[in-house]
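> below is the sequence, then the predicted model.
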Amino acid sequence: MVDGRQMVKRGLVATVEFDIAHFRVHTTMKGRTTYLLPLPTTIIGFFFSILGRSREEYIVEKENFLAGAEILDLAGVSRENAQLLKLKQGREAKTAEEIMILLKPRYRFALWGDERIIDELYNKISSYDFHFVPYGGISDFIFWDVSNPKICTQYTMKRKIKNSYVPSELMEFPDLKTTSLLYSLPYLSSGELKRVIMAYGTSLNLIKDVPTLEGIPLYKPPLEISEV
């Protein structure tokens with residue numbers, strides 16, 4: 001219940017573009033690999049920054065939302081390598097660091113939750129009235145554009161998704177092409193290490209139906225199947 005009434009849910013989808021972006025894989029530190037698409041926790045945080053929600057509000061409210069993403073375009077992937085020099089007493093210490101960067105990625109983000117928050121978010125995006133500037137995983141990588149917001153009142157259950165992601169245990173097989181990109185990457189869920197399959201230029205066939213908005217799968221953070 002919310003303010004004495006039954007919570008009514010609806011969804012929003014929007015096109016989100018970055019000049020460069022990096023969504024750090026949970027288990028990487030020095031060699032920072034990026035997810036091909038942001039996980040639901042990142043997407044919810046992205047939208048919450050537009051609304052001006054605090055970190056404390058985000059921690060409490062994120063469990064009430066489902067989110068997901070579809071990748072529409074990607075110019076390429078860059079790897080930056082650097083050697084750090086640390087001066088210590090009597091000696092020098094050198095460490096190598098690498099960061100993987102996505103070049104000009106364009107996504108369709110989806111969010112499902114309380115209709116009042118969805119409506120507020122739709123109005124904010126439509127008027128370009130952002131409380132905080134959202135960014136692409138790292139605060140230096142601010143967004144390029146957020147456009148084409150659309151309200152969805154219904155979701156569709158699907159067993160096949162395209163240009164998106166799925167927990168590895170739900171995937172049956174991919175429809176691979178010579179130009180397809182397919183990543184298997186780790187993520188943390190309640191302290192447990194799991195794997196996510198991310199695809200670009202191909203479809204993923206699943207072992208069960210998942211809720212979707214315009215073909216974009218919806219997951220509970222960090223990447224769980226949940227009732228809509």
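It's in. Numbers count the residues shown, from 1 in each chain.
> what residues does the helix or strand hosting T41 touch?
Using DSSP states H and E, T41 maps to helix 40-51. Defining contact as CB atoms under 8 Å, 6 or more residues apart in numbering, one finds that helix 40-51 is touched by 12, 16, 23, 38, 57-58, 61-62, 65-69, 109-111, 117, 120-121, 124-125, 130-135, 137, 146, 219-223. Every residue, glycine included, has its C-beta placed from N, CA and C.
> could you give the angle of the one helix or strand E120 maps to to helix 40-51?
Element membership for E120 (DSSP H and E) is helix 115-127. Angle of helix 115-127 versus helix 40-51, following axes from the mean of the first three to the mean of the last three CA atoms, to 10 degrees, is 70 degrees.
> distance check, the residue nearest the centre of the chain against N81.
The chain has P38 as the residue nearest its centroid, 2.4 Å off, counting by CA atoms, centre = their mean. Using CB to CB, to the nearest Å, one obtains 24 Å as the distance from P38 to N81.
> how about L213?
39 Å.
> who has more neighbours, those two?
Remark: of L213 and N81, L213 carries more neighbours, 26 against 9, as counted by other CB atoms under 10 Å.
> what's opposite the more buried one in the beta bridge?
For L213, the beta-bridge partners are I216 (DSSP bridges).
> residues contacting it?
So L213 contacts G11, V13, G68, A110, W112, C152, Y155, T156 (CB under 8 Å, 6+ apart).
> and the buried ones among those residues, selectable in ChimeraX?
Buried residues among these (16 or more other CB atoms under 10 Å), as a ChimeraX selection:
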select :11,13,68,110,112,152,155
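> now, the contacts of L213 that are in strands?
Per DSSP state E, strands hold the following members of the contacts of L213: G11, V13, G68, A110, W112, C152, T156.
> pLDDT below threshold where in the protein?
Within the chain, the stretches falling below the threshold (pLDDT under 70) are 1-5, 29-31, 82-97, 139-140.
> wasn't H131 part of a strand?
No. The assignment for H131, made by DSSP: H, G, I helix; E, B strand; the rest coil, is coil rather than a strand.
> can you list phi and psi of it for me?
As for H131, its main-chain torsions (degrees, to the nearest 10) stand at phi -70, psi -50.
> not counting sequence-adjacent ones, nearest residue to it?
In this structure, H131 finds its nearest non-sequential neighbour in G52, 2.9 Å apart by CB to CB, 6 or more residues apart in numbering.
> do the same with R108
R108's closest residue in space is E70 (CB to CB, 6+ apart), at 4.5 Å.
> how big is the angle separating the helix or strand hosting the one you found from helix 40-51?
Assigned by DSSP H and E, E70 falls within strand 66-73. Put simply, strand 66-73 runs at 90 degrees to helix 40-51, going by the same axes, to 10 degrees.
> so how far is strand 66-73 off the chain centroid?
Its chain's C-alpha centre and that of strand 66-73 lie 7 Å apart, by CA atoms, centre = their mean, to the nearest Å.
> buried residues in stretch 162-173, which are they?
Of all the residues in stretch 162-173, those buried under the rule 16+ other CB under 10 Å are K162, N163, S164, Y165, V166, P167, L170, M171.
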